[in-house]
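Undergrad: Mind looking at a prediction? Sequence and model below.
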Amino acid sequence: MPKSIFVCVGQDGLRSVSEDGQTWSKPQMGKEGETYRAVAFGNGRCVAVGSYGGGNIFAYTSDGEKWQTHFQDAKYIKYVRGFGFGKDQFVCLGGEPVSVGAAKPFVMFTKNGETLTEPRDIVGKHMLRRFAYGNNLYVAVGDRGRRSYSKDASEWVDVPETKAIDTLIDVTYGQGVFVGVGLHGLRMLTVDGKTWSHRQVGEEGEHLNSIVFAKDRFVAVGPSVTYFSKDGKTWTSQANKNAPTFFCYGNGKFLGIAWKGKILFSDDALTWKEVAKFDQHIEAIAWGAF
């Protein structure tokens, strides 16, 4: 039987796991200064990626208990910032985070977190930071309103004439569509990655930092409100309490993270309760199976 777990990763190489989302294992730590910023499941593994000094670090496990790590020299410019799984591969998106002007975006791939392809420069001035995969298509969102799509994650096509005001922070796939969310309750959807529609905004300050497709609906969470939609077109919203900055969904449960080192649990994505707290800040959380 496949084993499904929640995994959180963070600063100083922190990695911790939970089967029920409420009881978390004693964290496994790395070196001071190691920071894992993203984590994803695929190909029978869980892989986390982050940075340490001038390089990228990868940690991977096949059971949630024994982790192996791999260091890749990034030359202080090829840092991975976006990470996920789709089409039988882990996709790493990144660039130069402190550059003035072009961020020199790139992509690279790994099947297992251990063997990586060389970074491949991609078109565009601004960095892509998060992506979703569905229906044989990758759709990514990034800085300054950038939105792009790709069949293989190697060659990307930018959506033309995007505006910085429409910057999407996160994107997910469900019900045959991709839905992106952003600042001030911004929500948009696309089927093909190129044409975006049903642009809607909420109230000022309703920054939607994270979105998932949970069972049969889209759920987007901000610091004061949660939005729900069956199709990405018609939305309802409710005030939330103690909301996380980023969250995931698995086994009917919502798990989120908040400063500093807090793990938050919710059954409805509205009321969140703290179930664990670590000394180091948690940067990412995910659910998946081996």
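TA: Received the coordinates, thanks. Residues are numbered from 1 along each chain as shown.
Undergrad: residues making contact with stretch 101-110?
TA: For stretch 101-110, the external contacting residues (Cβ atoms under 8 Å, 6 or more residues apart in numbering) are 47, 58, 77-78, 80, 89-97, 116-128, 142-143, 153-154, 156. Heads up, the C-betas are built off the backbone N, CA and C, glycines and all.
Undergrad: how far out from the middle of the chain is that stretch?
TA: 16 Å (Cα atoms, centre = their mean, to the nearest Å).
Undergrad: can you check stretch 35-44 too?
TA: Averaging C-alpha positions (Cα atoms, centre = their mean) puts stretch 35-44 9 Å from its chain's average.
Undergrad: do the same with stretch 124-134
TA: 11 Å.
Undergrad: circling back to that earlier point, mark which of the contacts of stretch 101-110 are part of strands, please.
TA: Mapping the contacts of stretch 101-110 onto strands (DSSP state E) picks out 47, 58, 80, 89-95, 120-121, 128, 142.
Undergrad: Let me have the residues you listed in TSV, adding distance to Phe6, pLDDT and neighbour count as columns.
TA: Shown next, in TSV, are the ones in strands among the contacts of stretch 101-110 (distance: Cβ to Cβ, whole Å; pLDDT from 0 to 100; neighbours: other Cβ atoms under 10 Å):
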residue	distance to Phe6	pLDDT	neighbour count
Val47	15	98	29
Phe58	20	97	24
Val80	22	95	25
Gln89	23	97	18
Phe90	18	98	26
Val91	22	98	26
Cys92	22	97	27
Leu93	23	97	26
Gly94	25	94	26
Gly95	29	90	28
Arg120	32	94	12
Asp121	35	94	11
Leu128	26	96	30
Gly142	27	94	27
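Undergrad: Between all of those, which two are separated the most?
TA: Val47 and Asp121 (22.8 Å; Cβ to Cβ).
Undergrad: coming back round to it: nearest to Gln175, out of the ones in strands among the contacts of stretch 101-110: which one, please.
TA: For the ones in strands among the contacts of stretch 101-110, the nearest to Gln175 is Val91 (22.3 Å; Cβ to Cβ).
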